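> From the sequence below, what's the structure:
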Amino acid sequence: QMGVGHLILCGASKVDANYFRSHVMELQYLRKFLGLGLAGAEDPMMPKITVEADLQELLEGKRLQQIIPGAVSRVVAHPTPL
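This is a model prediction of the structure:
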């Protein structure tokens, strides 16, 4: 079964900095909500979750290699339609 092994949630320039300080961005809440979604999709695999506040720092620095050593592919999802 295919699934996502590691989910990285990160902010960008237009994301209010207070959003990442909200209690719903704490791992216990994220796991709870993600678990509900996975149960609805009948997917038993819970990915590892990492929260990073700064997208530019994540992509330009060495942080991504620290989070996922040897990462082969990266997918960036953006809410703006093409």
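> low pLDDT regions in the protein?
Counting by pLDDT under 70, the ranges of the chain that qualify are 1-2, 43, 71-76, 78, 81-82.
> which residues of it fall in strands?
Along the chain, the segments classed as strands by DSSP state E run 6-10, 48-52.
> Need these in a markdown table (columns: distance to Q28 and mean neighbour count).
For every residue, glycine as well, the C-beta is placed using N, CA and C. Output for these, formatted as a markdown table (distance: least, C-beta to C-beta, whole Å; neighbours: other C-beta atoms under 10 Å):
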| stretch | distance to Q28 | mean neighbour count |
| --- | --- | --- |
| strand 6-10 | 14 | 15 |
| strand 48-52 | 10 | 14 |
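> out of the ones you listed, which comes closest to L38?
Closest approach to L38 among the strands of the chain is made by strand 6-10 (11.0 Å; C-beta to C-beta).
> Would you give the sheet partners of the closest one, along with the direction of each?
Sheet pairing of strand 6-10 (DSSP bridges) gives strand 48-52 (parallel).
> Just give me how far the partner strand sits from the chain centre.
5 Å (C-alpha atoms, centre = their mean, to the nearest Å).
> can you check stretch 19-34 too?
Worked out by C-alpha atoms, centre = their mean, stretch 19-34 lies 11 Å from the chain centre.
> And that stretch, end to end?
Start to finish, the residues bounding stretch 19-34 are 18 Å apart (C-alpha to C-alpha, to the nearest Å).
> swap in stretch 15-30?
So stretch 15-30: terminal residues 18 Å apart, C-alpha to C-alpha.
> And that stretch, what's buried?
Using 16 or more other C-beta atoms under 10 Å as the test for burial, stretch 15-30 gives L30.
> contact partners of that stretch?
L9, G11, F33, I49, V51, A53 (C-beta atoms under 8 Å, 6 or more residues apart in numbering).
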